[in-house]
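Visitor: quick one, fold the following:
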Amino acid sequence: MSTASPDAVRASLRRLHAAGDALRKRPAREVLDVLGALLERLRDPTDPARRRIETELPAAAGFSPEIVREGLARGLASWTGAALRALVDVELGDAEAFHGAPTTAAILAGAIPMPALLEVVAALCVRSPVLAKPSAHDPVTAPAVAGALAELDPALGQCVALADFRHDDEACMDALCQADCVVVTGSDTAVSSLAARVLPPRRLVAHGHRISLAALGPAALEEASLAEAARGLALDTALWDQLGCCSPVAVYVAGPTAAAGRAAHALADALADAEARWPRGTASPEAEAAAAHERALAEMRGAELLADPGARWSVVVEPDAQPRPAPLHRFLRIHPVTDAAALIEGIRPLGAKLAGVALAGFAADTLRLEAALRGAGATRTCAPGSLQAPPLAWHRDGLPVLRRLLPGA
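Guide: Numbering: from 1, shown residues only. Next up, the predicted model:
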């Protein structure tokens with residue numbers, strides 16, 4: 001049920017347009033100082049806004065409290081005020097010379113807090129007031145961020161408003177898309193639907209469906225190294241229950257065919273430990289059915305299947321590098337490849353959808369492999385255990401964080 005009407009959405013845009021006139025007269029560095037202070041507040045586990053997210057998000061999104069605490073701690077660790085100032089310096093240089101759109105609408109998706117925080121902060125960095133539509137899966141983060149900002153700087157707080165309505169409320173969505181710039185994060189279907197609504201001169205900035213992967217080379221397949229890599233990948237998989245674009249859905253093992261089986265058993269042990277430490281949250285009946293279907297298909301084609309007795313996690317050893325559906329909720333596929341060249345060929349069909357790739361064990365070939373992965377479509381490479389903590393300056397979808405919001409960009 002909608003809590004906003006089309007008239008209310010249009011009225012919010014008018015108020016934000018007026019607030020934007022005052023915002024653009026403020027020194028850019030003054031605004032940046034407030035936004036840096038906001039990030040520092042949210043990095044603090046004792047801050048009331050941070051505690052609100054940790055307390056309320058588990059019930060709203062279906063995550064365990066342990067997952068939310070760990071995910072926030074790792075995801076926000078490097079999102080400092082200094083990192084924000086460095087981002088502005090790199091992307092904008094003289095921030096006083098740049099202004100974003102008179103109004104920005106941010107259509108948020110998913111249940112992971114960091115993207116919602118980023119969209120609000122990014123718009124305000126270019127001094128564009130923002131009307132945010134919270135995700136149905138996360139009705140907590142956007143209000144918590146808006147409230148914390150209003151406490152830090154009431155005038156800047158007036159430059160953020162919320163439009164809470166159902167995603168299928170066509171009239172409200174049409175009203176929201178009257179903003180001068182519309183940022184949408186979501187499925188490819190959702191992005192396509194919005195593209196038909198946001199017509200020039202309005203600007204659409206779209207972030208569609210993305211996935212992440214991992215790859216283990218020969219040096220990561222030795223006993224101690226394999227255990228370490230498996231622990232990192234289990235953390236990457238467990239955080240946010242594998243529901244974000246930074247969650248690995250498959251692990252490519254470069255080496256003898258038998259190495260894939262060894263990696264699968266190490267990952268199964270690590271996922272069992274992760275379940276004890278960061279319990280998986282709830283999954284919809286449809287998601288559970290999809291995972292059960294993929295487990296059954298794996299058994300039918302003779303693939304090795306390792307799974308928790310309660311189906312809290314699953315690991316499937318595939319016979320080849322062929323991409324297969326990712327049912328998520330801690331479901332990993334292990335693909336054998338002969339070497340780094342075969343790895344690149346194996347992931348090439350996924351190139352347009354690639355986000356991050358976690359790498360370990362490629363030794364002197366690492367730099368060449370990273371370059372090849374970027375050429376294949378990946379926007380980030382990192383060590384296992386770091387996928388869920390991208391830097392503030394990460395160009396997801398290959399788009400700059402701030403300049404994507406500027407008119408004419």
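
Visitor: for the helix or strand bottoming out on mean pLDDT in the chain, packing partners?
Guide: Scoring the helices and strands of the chain by mean pLDDT, DSSP states H and E places helix 188-195 at the bottom, with a mean of 86. Using 3 or more CB pairs under 8 Å, 6 or more residues apart in numbering; DSSP states H and E, the elements in contact with helix 188-195 are strand 181-185, strand 203-207. All C-beta spots, glycine's among them, are computed from the backbone N, C-alpha and C.

Visitor: tell me which of the ones you listed is the most buried.
Guide: strand 181-185 (a mean of 25; mean count of other CB atoms under 10 Å).

Visitor: now that one and strand 203-207, what's the angle there?
Guide: Interaxial angle of strand 181-185 relative to strand 203-207 (axes from the mean of the first three to the mean of the last three CA atoms, to 10 degrees): 10 degrees.

Visitor: grab the nearest non-local neighbour of Thr103.
Guide: Ala179 (4.6 Å; CB to CB, 6 or more residues apart in numbering).

Visitor: Gly244 now?
Guide: Ile112 (4.7 Å).

Visitor: rewinding a little: got the helices and strands packed on helix 188-195 as CSV, with mean pLDDT and distance to Glu370 columns?
Guide: Output for the helices and strands packed on helix 188-195, formatted as CSV (pLDDT from 0 to 100; distance: least, CB to CB, whole Å):
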stretch, mean pLDDT, distance to Glu370
strand 181-185, 94, 26
strand 203-207, 93, 23
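
Visitor: could the ones you listed go into JSON lines alongside distance to Arg69?
Guide: Below are these laid out as JSON lines (distance: least, CB to CB, whole Å):
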{"stretch": "strand 181-185", "distance to Arg69": "23"}
{"stretch": "strand 203-207", "distance to Arg69": "26"}
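
Visitor: so which of these is nearest His293?
Guide: strand 181-185 (27.4 Å; CB to CB).

Visitor: how big is the angle separating that closest one from helix 188-195?
Guide: 170 degrees.

Visitor: residue boundaries of the helices in the stretch 1-150 of the chain?
Guide: 6-23, 28-43, 48-61, 65-75, 81-91, 113-125, 141-152 (DSSP state H, counting those that start in this stretch).

Visitor: among those helices, show me which one is buried the most.
Guide: Mean neighbour counts for the helices of the stretch 1-150 of the chain (mean count of other CB under 10 Å) peak at helix 113-125, with a mean of 24.

Visitor: count the residues that sit near the closest residue to Leu271 other than its chain neighbours.
Guide: Using CB to CB, 6+ apart and skipping residues adjacent in sequence, the residue nearest Leu271 is Trp313, 4.2 Å away. Trp313 has 26 neighbouring residues, counting by other CB atoms under 10 Å.

Visitor: I figured Trp313 hits Pro327, correct?
Guide: No: taking CB atoms under 8 Å as the definition, Trp313 is not a contact partner of Pro327, at 11.5 Å.

Visitor: tell me what the longest helix anywhere in the chain is packed against?
Guide: Scanning the chain for the longest helix, with DSSP state H as the assignment, gives helix 257-277. Contacts defined by 3+ CB pairs under 8 Å, 6+ apart place helix 257-277 against helix 223-238, strand 248-254, strand 304-307, strand 314-317, strand 331-337.

Visitor: elements contacting the next helix or strand after it?
Guide: Sequence-wise, the next helix or strand downstream of helix 257-277 (DSSP states H and E) is helix 285-300. The contact analysis (3+ CB pairs under 8 Å, 6+ apart) places helix 285-300 against strand 304-307, strand 314-317.

Visitor: alright, that wraps it up for me.
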